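**Student:** Okay, here's the prediction I keep looking at, along with the sequence it came from:
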Amino acid sequence: MLQDPYAVMRALLRAEAARNAPKPPQPPQPKPDTREPQRPPKEHERD
């Protein structure tokens, strides 16, 4: 048996607190080019 029965509960609470902590503001990153390249229309019937 574990020496400290509350060790798992403390670890879960610590992980949850870290997950819900506010994130520091990140510098704005340039947006990737979201345009899709031109593609020929797909043929529905293939021979």
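**Tutor:** Structure's in. What do you need?

**Student:** Just give me the neighbour total for N20.
**Tutor:** Using other C-beta atoms under 10 Å, N20 has 7 other residues around it. Where you see a C-beta, it was placed from the backbone N, CA and C, and this is true even at glycine.

**Student:** Can you tell me how far it is from R14?
**Tutor:** Distance, N20 to R14, by C-beta to C-beta, to the nearest Å: 11 Å.

**Student:** and what of P28?
**Tutor:** For P28 relative to R14 (C-beta to C-beta), the value is 31 Å.

**Student:** Between these two, point out the one with more neighbours.
**Tutor:** Ranked by neighbour count (other C-beta under 10 Å), P28 and R14 place R14 first, with 10 against 6.

**Student:** what's the span of stretch 14-28 from first residue to last?
**Tutor:** The stretch stretch 14-28 measures 29 Å between its terminal residues, going by C-alpha to C-alpha, to the nearest Å.

**Student:** Figure out the helix or strand that K42 lives in.
**Tutor:** Using DSSP states H and E, K42 sits within no helix or strand.

**Student:** Report how many residues lie close to P30.
**Tutor:** A total of 5 residues lie near P30 under the criterion other C-beta under 10 Å.

**Student:** What residues does it make contact with?
**Tutor:** P30 makes no contacts at all, as judged by C-beta atoms under 8 Å, 6 or more residues apart in numbering.
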